[in-house]
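> Quick one, structure for this:
(one chain, ligands or ions: 3)
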Amino acid sequence: MKKISLLGATGSIGIQTLSVIEAHPDEFELVSMSFGRNIKSGIEIIRKFNPRFVAVQDKETYEKLKLELEIDKIKIGYGQEALIEAAIFDDVDCLVNAVVGSVGLVPTLKAIENKITIAIANKETLVTAGHLVTEYARKHEVDLLPVDSEHSAIFQCLQGEKSKNIKRLIITASGGSFRDKTREELTNVTVEQALNHPNWSMGAKITIDSATMMNKGLEVIEAHWLFNIPYQKIDVLLHKESIIHSLVEFHDRSVIAQLGTPDMRVPIQYALTYPDRLPLENAKRLELWEHGKLHFEKINFNRYKCLQYAFDSGKIGGTMPTVLNAANEEAVEAFLKGKIKFLQIEDLIERAMDKHKSIAHPDLEQIQEVDQLTRNFVQTLIS
Ligand SMILES: NC(=O)C1=CN([C@@H]2O[C@H](COP(=O)(O)OP(=O)(O)OC[C@H]3O[C@@H](n4cnc5c(N)ncnc54)[C@H](OP(=O)(O)O)[C@@H]3O)[C@@H](O)[C@H]2O)C=CC1
Ligand SMILES: CC(=O)[C@@H](O)[C@H](O)COP(=O)(O)O
Ligand SMILES: [Mn+2]
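Ligands and ions are numbered 1, 2, ... in the order given. Model (predicted):
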């Protein structure tokens, strides 16, 4: 029985993780969990899965939850300390980090210190402090298992392979909601249009990231850290069907790809069962003949500026990816709230990066400081 702590239980990845846990009651047990403020969904999950500890985002949600739950044996808490407690609660074997944003960083580091295997969906954590997370994982001999579909694909392609034989990683990108629009046509796009991803049903933040192509940028940085591969050996390929989840080219020109219908339960379950596999009964089988043609296109970096910024920040290194991530988190939130236009997201990121002088090999404190300063700077520009 694998004991799971799940951060971000009410989200898109969280709910799908719970469906995997529910499908295999003899394999997995939910020991602890967190959510933000979505108390209705949180209570449903608590009643169904009976976790021993629940963390919520703030005191107000905590007070409401206390009134709703008459079950004494569930411990609850709020804020950053509670998020950490949920991550490392009692005898947890595996932390599924499915929270959104860099708030997931410290709980991840603490879980690694406690020798808990990490199944990581929360890509912002790896972008903002990939060197710290991977150094910690090496030092404490903890597995860092990818949940993001592209990284799970690469991870599966690399099973039994030596990393010295890799020529390049090829990360596929759907192009997001606006892939058929020109840059000019992006000027007045709405939040509702941006949230309409062609292939995946996901949380709001990542869906906007897909539309700006920042999601792919974050994934490039995530791949750099997870697979210890230089940026020069990472390519992005437009593939609008999201059937090929990513590919690895080896020195002998052989290319291995991982395919499947777009269903996040597959990479989630693989991270939970690795190196084994379990059936996923109600997942749609891939029948390639149903798709007829698959499409591929070269990336135009002038069209997708956020992807260029992500490569730039990764190559500069130090605290520059922290700035990229924090500026993006703030800008996307502002766009979702209707405070800025779609194309201003990339402008704000560019301005934050231009202003910043990267600090090499930052420690946690420096990362947190740069993260906060960047957020303040972007908020000032917005207001
Ligand atoms: N969705 C997907 O298919 C994929 C997602 N990912 C990555 O996985 C992560 C989660 O994505 P997704 O599930 O789509 O996101 P969602 O927005 O659907 O869910 C986010 C979860 O985090 C909680 N949360 C949000 N902010 C805070 C906070 N400040 N403190 C504590 N908890 C918080 C939310 O709680 P509440 O509901 O109460 O607000 C919710 O449970 C992201 O990093 C994303 O990039 C990667 C690959 C695919
Ligand atoms: C499901 C998943 O892993 C997402 O990150 C997905 O990749 C988004 O698709 P695009 O960013 O390619 O549009
Ligand atoms: Mn992805």
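> Output the below-cut-off pLDDT ranges for the protein.
71-72 (pLDDT under 70).
> Does ligand 1 have contacts with the biggest helix by length in it?
Determined from DSSP state H, the single longest helix within the chain is helix 364-382. No: against ligand 1, helix 364-382 shows no contacts by C-beta under 6 Å from any ligand atom, the least distance being 12.6 Å. The C-beta positions use only the backbone N, C-alpha and C, and glycine is treated the same way.
> If you count neighbours, what's buried in that helix?
Of the residues in helix 364-382, 367, 368, 370, 371, 373, 374, 375, 377, 378, 381, 382 count as buried by neighbour count, 16 or more other C-beta atoms under 10 Å.
> Give me the distance between the last one and ligand 2.
Taken as C-beta to the nearest ligand atom, to the nearest Å, the spacing of residue 382 relative to ligand 2 amounts to 24 Å.
> and if you look at the fourth one?
With distances taken as C-beta to the nearest ligand atom, residue 371 is found 22 Å from ligand 2.
> ditto for residue 82
Taken as C-beta to the nearest ligand atom, the span from residue 82 to ligand 2 is 27 Å.
> same thing with residue 261?
12 Å.
> Repeat that for residue 119.
Residue 119 is 14 Å from ligand 2, by C-beta to the nearest ligand atom.
> That residue - that's part of a strand, no?
Yes: Residue 119 forms part of a strand when assessed by DSSP: H, G, I helix; E, B strand; the rest coil.
> What count of nearby residues applies to it?
Residue 119 has 27 neighbouring residues, counting by other C-beta atoms under 10 Å.
> Need phi/psi at whichever residue of the stretch 101-250 of the chain sits closest to ligand 1.
Here the stretch 101-250 of the chain gets closest to ligand 1 at one residue, residue 203, 2.5 Å apart by C-beta to the nearest ligand atom. Main-chain dihedrals, residue 203, degrees, to the nearest 10: phi -60, psi 160.
> That one against residue 12, yeah?
Yes: between residue 203 and residue 12 there is a contact under C-beta atoms under 8 Å: 4.7 Å.
> For the protein, which residues are neighbours of ligand 3?
Taking C-beta under 5 Å from the ion as the contact definition, the chain meets ligand 3 at 148, 149, 150.
> Nearest to ligand 2 among those residues?
residue 149 (3.4 Å).
> how about the closest one, what does it touch?
242, 245, 246, 262, 264, 266, 267 (C-beta atoms under 8 Å, 6 or more residues apart in numbering).
> which SS state does the closest residue to the first one other than its chain neighbours fall under?
This points to residue 242. Distances taken as C-beta to C-beta, 6 or more residues apart in numbering place residue 199 nearest to residue 242, at 4.2 Å, with adjacent residues excluded. Using three-state DSSP, the structure places residue 199 in coil.
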